[in-house]
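Asker: Sequence and predicted structure are below.
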Protein chains: 2
Amino acid sequence: MARLVMKFGGTSVADIDRIRNVARKVKREVDQGHEVAVVVSAMAGETNRLVDYCRTISPLHDAREYDAVVASGEQVTVGLLAIALQEIGVPARSWLGWQVPIHTNDVHGSARIERIETKEIEKRFRDGMVAVVAGFQGVGPGGRVTTLGRGGSDTSAVALAAALKADRCDIYTDVDGVYTADPRIVTGARKLDRITYEEMLELASLGAKVLQTRSVEMAMNHGVRVQVLSSFADTPGTLVVDEDEIVEQQVVSGVTYARDEAKITLESVADRPGVAAMVFGSLADANINVDMIVQNVSHDDKATDITFTIGKADMERALKVLEGRQEAIGYRRLGADGNVAKVSVVGVGMRSHAGVARTMFRALAEKNINIQVISTSEIKVSVLIAADYTELAVRALHSAFNLDVQ
Amino acid sequence: MARLVMKFGGTSVADIDRIRNVARKVKREVDQGHEVAVVVSAMAGETNRLVDYCRTISPLHDAREYDAVVASGEQVTVGLLAIALQEIGVPARSWLGWQVPIHTNDVHGSARIERIETKEIEKRFRDGMVAVVAGFQGVGPGGRVTTLGRGGSDTSAVALAAALKADRCDIYTDVDGVYTADPRIVTGARKLDRITYEEMLELASLGAKVLQTRSVEMAMNHGVRVQVLSSFADTPGTLVVDEDEIVEQQVVSGVTYARDEAKITLESVADRPGVAAMVFGSLADANINVDMIVQNVSHDDKATDITFTIGKADMERALKVLEGRQEAIGYRRLGADGNVAKVSVVGVGMRSHAGVARTMFRALAEKNINIQVISTSEIKVSVLIAADYTELAVRALHSAFNLDVQ
């Protein structure tokens, strides 16, 4: 007997038939003798509908009221799933965030979970009952409804798994696992049986929209074994685990890409102390996150070029900020390019293997793909290239690191 | 300065524009210096959508889960109305049933309000804040969400007005008051300025779908002054008050009708003690409510006819019950007619005036309308007639009691 948390996202509960399908999947685990808590999102489209209502009434709406409105979406699905479970003979009851309770801080709209009381749910487990828990929501210190921000249901599930000391947290989604690359681009992409938390974290933040970054961090911190698998297929998924659980480690586990960044270049910046701090300080003040940063060596003794990437949505705003500070920063020309893509290779194995960067750059050069910016971490190498070459680059790298299905 | 409860139903908050309209109506009262609590229903259509979901999954769904699902509708409107109020400069916050809290018993799906804690809301009143309270919902003894049953938001509003000792409870709806008759049928129908609780109760249960019966009972028991008025017009409505607040009492205040009953006749029933108890006991066991009952005098010494009315929706079921007990009851023939209407005249004034029944029967006779069943209470006389004559009968009675606009 194991204790499991199963999480189903919005597309998995998009209509009554799919909710019934979820109930059958839960029943299968219950029939194995497992104790099961299920975390569900709102029906696909519901959260957007509710968010639109709030925005239409007031662009600057009270976040506490917004939370009350949007949390209603999960309230519907927990009740419906509990009914669907009972209908096929599985004892179940729904739990709203405030009923569990899932205590959060009071940062409405993007609250953080602080504590989950599991006593009542565990009591029901002993009676053979499934707990159907509303994802994405909790209750703040003042007794008001809070929400965790987009993708928060993954975090709810992992946090609940940690609090319940569950043996596994299964995240059901519309893909059947984590692949070595986007299968829509690379036909030879392979599903990974296992992946480390660190790799998953890089993949999550690099654009593979399988798991929410915060939920992976939380899983890593609490040692929750997470499985990503499909709501619609009956195949095993990808297990996210500690490095030591992976026997035969690949140098590179996957190739990923993101097209939501823009590149900004400041040409001929005065090469003196404090200039970089001024550039990135101005952007931080405007709440603009910077990702990759490169500062070239000086052309001469007095000037250098600074290139960096930011979210494409922030591009216009960033340009305005920097134009306003041209005199203070002292650059000659400001350039921007939204037509770029970031392509990355990720793998814990590269820690102990030299030559990953060389293999990567050579593979790109062979396809005549120009590298604009490079950034590296312990377990990944990322390059910025012209967006047109994205698919070509991903395929070339997938082959270069021998990831294609044999 | 007064303390007001304002209640808006589903059609009054059916879309964003209407929610904004509600906010403006609330602001007007706040600008007068009044303390205001607003009770709202779900957006029109929402509750039906949610109920359908539950029924589709399981016709015999768990009422506790049903309550969690359908209560989400009001959760959306309270948040949106609070945002709309803030947007026009009125400080406001939303309150869900469990937050107030509105304590109910645990009869899920049709719970009764037991106690409302008003301390927190009154504290906010002192800070000049409007309380936007979810109608139709409460919290049961075990901390689960309960709902009060269809039309329950009227009851929520009156109960809150009683708990807050409000000066008035304004029920905004899609009609602009209580009329002497249905204005769609009687062109000369007049809006009543005032009506007594007792009359309103008769009108509510007789088919004038203006106020939910339970809310009128509660208003009467707690002496809450209720006003029925339009969300869409700016005219005063009808005030529901104690009899002694009405100076010039009419004999008859209104004429009303209902087409949702069916007539059942048992012919030649053995005229011996215990037979009627057997007939109506069998129906009660099947949860079928009986309205009007007539037992004629015996044709001879041994047999009589029993005629009664029930809800049209129960007709087939009632026939089945009675057919199954033919031998025990000992009737000769069973007849049923769903094509009937109940027309009633209502007025507290008839207590002290003889001749109401005579005027009524004469007016119907003049139009050649046959009376099938008669029933009376202290303040109403009802007759059952063929449904085809409904409009004709209502108009004739409206004139006969001098209710037409002069």
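Answerer: On my side now, so go ahead.
Asker: and residue A:279, what helix or strand is that in?
Answerer: helix A:275-285 (DSSP states H and E).
Asker: and chain A, which residues reach chain B?
Answerer: A:16, A:19-20, A:50, A:53-54, A:56-58, A:61-62, A:64-69, A:71-73, A:75-76, A:78-80, A:82-84, A:86-87, A:93-94, A:96, A:98-99, A:143-145 (CB under 8 Å from any CB of the partner chain). Any C-beta I mention is one placed from the backbone N, CA and C, and that applies to glycine too.
Asker: before we move on, back to that, check which element follows the helix holding residue A:279 along the chain.
Answerer: That would be, after helix A:275-285 and using DSSP H and E, strand A:290-295.
Asker: continuing past that following strand, what's the next helix or strand?
Answerer: Scanning forward in sequence from strand A:290-295 by DSSP H and E, the next helix or strand is strand A:303-311.
Asker: What pairs with that next one, parallel or antiparallel?
Answerer: strand A:261-270 (antiparallel), strand A:290-295 (antiparallel) (DSSP bridges).
Asker: Let me know the average pLDDT across that strand.
Answerer: Mean per-residue pLDDT for strand A:303-311: 89.
Asker: just stretch A:66-76 next, same as before
Answerer: 97.
Asker: Give me the residues contacting that stretch.
Answerer: A:40-43, A:46-47, A:50-51, A:53-54, A:96-97, A:108-109, A:111, A:134-137, A:144-147, A:153, B:50, B:53, B:68-69, B:71-73, B:75-76, B:78-80, B:82-83, B:94, B:96 (CB atoms under 8 Å, 6 or more residues apart in numbering or on different chains).
Asker: which of the residues you listed are buried?
Answerer: Buried by 16 or more other CB atoms under 10 Å in any protein chain shown: A:40-43, A:46-47, A:50-51, A:53-54, A:96-97, A:108, A:111, A:134-137, A:144-147, A:153, B:50, B:53, B:68-69, B:71-73, B:75-76, B:78-80, B:82-83, B:94, B:96, out of those.
Asker: out of everything not next to it in sequence, what's closest to the residue sitting nearest the centre point of chain A?
Answerer: Nearest to the mean C-alpha position of chain A, by CA atoms, centre = their mean, lies residue A:212 at 2.8 Å. Closest residue in space to residue A:212, ignoring its immediate chain neighbours: residue A:151 at 3.6 Å, by CB to CB, 6 or more residues apart in numbering or on different chains.
Asker: for the helix or strand in which residue A:202 is found, packing partners?
Answerer: In this assignment (DSSP H and E), residue A:202 forms part of helix A:197-205. Counting contacts by 3 or more CB pairs under 8 Å, 6 or more residues apart in numbering or on different chains; DSSP states H and E, helix A:197-205 packs against helix A:213-222, strand A:238-241, strand A:254-258, strand A:340-346.
Asker: Find the closest residue to chain B in the stretch 301-406 of chain A.
Answerer: residue A:313 (24.4 Å; CB to the nearest CB).
Asker: for that residue, what are its contacts?
Answerer: residue A:260.
Asker: what does residue A:267 give?
Answerer: Residue A:267 neighbours (CB under 8 Å, 6+ apart): A:305, A:331-335.
Asker: Mind doing that once more with 10 Å?
Answerer: Applying CB atoms under 10 Å, 6 or more residues apart in numbering or on different chains, we find residue A:267 in contact with A:299, A:303-307, A:331-335.
Asker: hmm, which two among the residues you listed are most spread apart?
Answerer: A:299 and A:334 (16.9 Å; CB to CB).
Asker: So for the helix or strand where residue A:323 lies, what gets flagged as buried?
Answerer: Taking DSSP H and E as the criterion, residue A:323 maps to helix A:315-324. The neighbour-count check on helix A:315-324 (16+ other CB under 10 Å) flags A:315, A:318, A:321-322 as buried.
Asker: hang on, the earlier thing: can you pick out the ones from the contacts of stretch A:66-76 that are in strands?
Answerer: With strands taken from DSSP state E, the overlap with those comprises A:40, A:134, A:137, A:145-147, B:94.
Asker: Among those, which one lies nearest to residue B:391?
Answerer: When the ones in strands among the contacts of stretch A:66-76 are compared against residue B:391 (criterion: CB to CB), the nearest one is residue B:94, at 44.0 Å.
Asker: shouldn't the closest one be in contact with residue B:135?
Answerer: No. Contact criterion CB atoms under 10 Å: residue B:94 and residue B:135 do not qualify, at 11.9 Å.
Asker: Next, show the common contact partners of these two.
Answerer: B:38, B:40, B:74, B:77-78.
Asker: what's the pLDDT at residue A:317?
Answerer: pLDDT, residue A:317: 93.
Asker: who touches it in this structure?
Answerer: A:283, A:286-288, A:310-311.
Asker: what do you get for residue A:80?
Answerer: A:13, A:16, A:19-20, A:22-23, A:40, A:43, A:94, A:132, B:50, B:53-54, B:56-58, B:61, B:65-66, B:68-69.
Asker: let's see it at 6 Å
Answerer: Residues near residue A:80 by CB atoms under 6 Å, 6 or more residues apart in numbering or on different chains: A:19, B:53, B:57.
Asker: how far away is the second one from chain A?
Answerer: Read it as residue B:53. When distance is defined by CB to the nearest CB, to the nearest Å, residue B:53 is 6 Å away from chain A.
Asker: can you pull the contacts of that residue?
Answerer: Taking CB under 6 Å, 6+ apart as the test, what residue B:53 contacts is residue A:80.
Asker: OK, contacts around the closest residue to residue A:84 other than its chain neighbours?
Answerer: Ranked by CB to CB, 6+ apart and with sequence neighbours excluded, the top spatial neighbour of residue A:84 is residue A:23, at 3.9 Å. Contact analysis of residue A:23 by CB under 6 Å, 6+ apart lists A:84-85, A:88.
Asker: Top of those residues by number of neighbours, please.
Answerer: residue A:85 (31 neighbours; other CB atoms under 10 Å in any protein chain shown).
Asker: Can you pull the poorly scored residue ranges out of the stretch 301-406 of chain A?
Answerer: Scanning the stretch 301-406 of chain A for pLDDT under 70 picks out A:301, A:406.
Asker: now do chain A
Answerer: Ranges of chain A meeting pLDDT under 70: A:205-208, A:247-248, A:297-301, A:406.
Asker: switch the cut-off to 80
Answerer: A:150-151, A:204-210, A:246-250, A:271-273, A:296-302, A:352-354, A:405-406 (pLDDT under 80).
Asker: Kindly report the domain assignment for it.
Answerer: By the assignment in automatic domain parsing, chain A contains the domains A:3-174, A:265-336.
Asker: Highest mean neighbour count out of the ones you listed?
Answerer: Of the domains of chain A, the one with the most neighbours on average (mean count of other CB atoms under 10 Å in any protein chain shown) is domain A:3-174, at a mean of 21.
Asker: Work out the gap between that one and the centre of the chain.
Answerer: 18 Å (CA atoms, centre = their mean, to the nearest Å).
Asker: rewinding a little: compare the strands paired with strand A:303-311 and give me the one nearest residue A:239.
Answerer: strand A:290-295 (28.7 Å).
Asker: With just CA atoms, put that closest one into CSV.
Answerer: Output of strand A:290-295 as CSV, limited to C-alpha atoms (Å, rounded to 0.1, in the frame of the first residue of the first chain):
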residue,chain,number,x,y,z
VAL,A,290,16.9,40.1,-17.1
ASP,A,291,18.0,36.6,-18.2
MET,A,292,21.2,36.3,-20.2
ILE,A,293,23.9,39.0,-19.9
VAL,A,294,27.1,39.4,-22.0
GLN,A,295,29.6,42.2,-21.8
